[in-house]
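Chemist: Sequence and computational prediction follow.
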Amino acid sequence: MQEENSHLHNYVYSSDMVEFIALSNACWQFFEQPNGVDGKAFIKQSVKHLSGVYAALVKLEETEPQIESAWEPTVTEQEWSAVFQRISMLLGAHNDTLRQAEDEEFDRSDLVTHTISEDISDVYQELRDFTTIYSRGMEELMNDAAWELKERFAEHWGKKLLRSLMALHDLYIQGVDPTEKE
């Protein structure tokens, strides 16, 4: 039991986990309150935050759940919507992207209009929910939150992060300023 507790402690307080927590906090806080940031700066900072979170997450070791607990969302629908609206306004006409339909959507050869703000808002929610649960300081719960976050990453939010990062990358490379009229 002592060895298992030591392993758990070492995992939840590992340098990779501490780095991931710091990057996750900075990321969701930026998306929640990008005060004083114009569209061009938002694009650049978003690329920085999203790529950092992705790189830090893939460095995390695997873990197994310790307790049977359900993930309780902490982000409200109003908070998610506020982030979605703020990002949508910052990106303006550049918020819309086209992507290929996935297996469960229409004909897989179809292109679907999608928004960067929706993907980022979903990533925001995952990161904020995770860091809120993690901050409670109970090692078994921290471990399970990390395990569940990685499961959800594989299922859906990892793709959303990459999709938004790819769209923002294109805007960044093109030097797009969403506040300028075309």
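Modeler: Received the coordinates, thanks. Keep in mind that what you see is a predicted model, and the values were worked out from it rather than measured.
Chemist: Need the contact partners of the helix or strand where residue 80 lies.
Modeler: Assigned by DSSP states H and E, residue 80 belongs to helix 77-91. Applying C-beta atoms under 8 Å, 6 or more residues apart in numbering, the external contacts of helix 77-91 come out as 31-32, 34, 37-39, 42-43, 95, 115-118, 120-121, 124-125, 171, 178. Any C-beta I mention is one placed from the backbone N, CA and C, and that applies to glycine too.
Chemist: Tell me the buried residues within these.
Modeler: 31, 34, 37, 39, 42-43, 95, 115-118, 120-121, 124-125, 171, 178 (16 or more other C-beta atoms under 10 Å).
Chemist: Among these, which lie within strands?
Modeler: residue 115 (DSSP state E).
Chemist: just checking, which of the buried ones among the contacts of helix 77-91 belong to helices?
Modeler: Counting by DSSP state H, the buried ones among the contacts of helix 77-91 place 31, 39, 42-43, 116-118, 120-121, 124-125, 171 in helices.
Chemist: distance of residue 76 from residue 7?
Modeler: Distance, residue 76 to residue 7, by C-beta to C-beta, to the nearest Å: 35 Å.
Chemist: pLDDT-wise, which helix or strand of the protein ranks last?
Modeler: Lowest by mean pLDDT, DSSP states H and E among the helices and strands of the chain is strand 96-100, with a mean of 71.
Chemist: Spatially nearest residue to the residue nearest the centre of the chain (excluding sequence neighbours)?
Modeler: Nearest to the mean C-alpha position of the chain, counting by C-alpha atoms, centre = their mean, stands residue 123 at 2.8 Å. Nearest residue to residue 123, sequence neighbours excluded (C-beta to C-beta, 6 or more residues apart in numbering): residue 161, at 5.0 Å.
Chemist: which residues does the one you found contact?
Modeler: Residue 161 neighbours (C-beta under 8 Å, 6+ apart): 50, 53-54, 119, 123.
Chemist: would you list those in TSV and tack on distance to residue 141 and pLDDT?
Modeler: Below are the contacts of residue 161 laid out as TSV (distance: C-beta to C-beta, whole Å; pLDDT from 0 to 100):
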residue	distance to residue 141	pLDDT
50	26	98
53	21	98
54	24	98
119	27	97
123	22	98
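Chemist: what's the closest of those to residue 24?
Modeler: Proximity of those to residue 24 (C-beta to C-beta) peaks at residue 53, which lies at 5.9 Å.
Chemist: Which other helices and strands does the host helix or strand of that closest one contact?
Modeler: Assigned by DSSP H and E, residue 53 belongs to helix 39-59. Judged by 3 or more C-beta pairs under 8 Å, 6 or more residues apart in numbering; DSSP states H and E, helix 39-59 is in contact with helix 15-32, helix 77-91, helix 116-134, helix 158-174.
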